[in-house]
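[1] Next come a sequence and a model predicted from it.
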Amino acid sequence: MVTDTRVFRGRTWHASALVNYAFGKCSPRVWEAVSRCSRQSPPKQPSLLFSSRTGYWSLVDTRAYLVQNGFISLFFQKSVLEDTAEWLALHGYRVISLDAAEWEELEQMHVDIASALEFPAYYGGSLDALNDCLSEVAVGSYGWSVAADTGLVLVLRGCAEFSVVDPVGAHRLLDVFARQASYAALFGHRLMCLVHSSDPKLSVPPVGGTTVMWNYLEAADSARQTRGL
């Protein structure tokens with residue numbers, strides 16, 4: 001059976017829920033939750049999703065869309081990034097945060113990532129070695145616990161600055177991670193990377209065969225017009 005779904009973002013929840021509440025398609029409990037959520041800040045807002053199969057509306061957190069376009073998402077506003085990382089941590093993900101703006105050369109990137117993801121001592125400190133070790137992270141050999149963690153989240157801050165220092169290295173890092181995140185999915189493992197950029201117009205070449213998109217809340221250009229604070 002094909003399910004007809006429509007997603008309504010913050011500015012239309014109230015009206016949508018009101019219409020469906022009036023026609024008996026939205027329960028009082030959901031209506032109360034929607035009214036409460038509509039007064040919250042955008043990063044904390046869920047969406048409404050309607051299913052023709054059930055005939056009812058349900059609440060869906062916008063962070064559920066994080067990996068719909070790939071395992072790497074771009075972020076501009078720090079508040080949106082922090083809120084997303086906190087939400088993922090609360091839902092059992094191991095969240096590792098690195099400041100790419102501090103990397104003045106590729107070697108520093110290798111040192112920080114090897115330390116954060118607990119790479120073995122024999123790690124070669126090259127992009128090929130990074131690919132090999134991230135494949136081990138993908139299957140859960142180290143870097144996170146398959147038994148204890150929902151998944152692994154790598155938060156990279158200051159990527160725009162690092163891409164100026166080493167554009168090839170910055171792109172290869174994301175490309176390798178995206179490919180290994182796809183590999184991890186074959187085992188039912190969840191790996192994702194949240195990339196913060198102070199440049200609202202940052203464009204990243206495709207990685208892992210997919211386009212790097214801005215996160216769901218900042219997908220529209222107008223959502224990235226304020227400073228990334």
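    Cool, got the structure. Numbers count the residues shown, from 1 in each chain.
[2] Which of the three states applies to S198?
    Judged by DSSP: H, G, I helix; E, B strand; the rest coil, the three-state class of S198 is coil.
[3] Could you check how many residues crowd around it?
    By other C-beta atoms under 10 Å, the residues close to S198 number 16. In short, each C-beta sits where N, CA and C put it, glycine included.
[4] What of the one 10 residues further on?
    Residues contacting G208 under the criterion other C-beta under 10 Å number 19.
[5] and what of E118?
    Neighbours of E118 (other C-beta under 10 Å): 13.
[6] surely it meets S145?
    No. Using C-beta atoms under 8 Å, E118 is not in contact with S145, being 10.8 Å away.
[7] Break the protein into its domains for me.
    Annotated domains of the chain cover 7-62, 66-224 [automatic domain parsing].
[8] least reliable of the ones you listed going by mean pLDDT?
    Of all the domains of the chain, domain 7-62 carries the lowest average pLDDT, namely a mean of 45.
[9] Now do F162 against Y216, distance only.
    24 Å (C-beta to C-beta, to the nearest Å).
[10] correction: A101
    As judged by C-beta to C-beta, A101 and Y216 stand 25 Å apart.
[11] picking that back up, looking at F162 and Y216, which one has more neighbours?
    Neighbour totals were compared for F162 and Y216, and F162 leads with 25 against 21 (other C-beta under 10 Å).
[12] Spatially nearest residue to that one (excluding sequence neighbours)?
    A100 (3.9 Å; C-beta to C-beta, 6 or more residues apart in numbering).
[13] Which parts of this structure are strands?
    7-8, 46-51, 56-61, 72-75, 94-99, 152-157, 191-196, 213-214 (DSSP state E).
[14] which one is I72 nearest to, not counting chain neighbours?
    I72 sits nearest to C193 (C-beta to C-beta, 6+ apart), 4.6 Å away.
[15] buried stuff in the lengthiest helix in the chain?
    Counting by DSSP state H, the longest helix found in the chain is helix 167-185. For helix 167-185, the neighbour count (16 or more other C-beta atoms under 10 Å) marks 169-184 as buried.
[16] and if you look at stretch 208-222?
    208, 212-218.
[17] Looking at those, which is nearest I72?
    V212 (5.3 Å; C-beta to C-beta).
[18] pretty sure C193 is touching V153, no?
    Yes. Here C193 reaches V153: they are 7.4 Å apart, a contact under C-beta under 8 Å.
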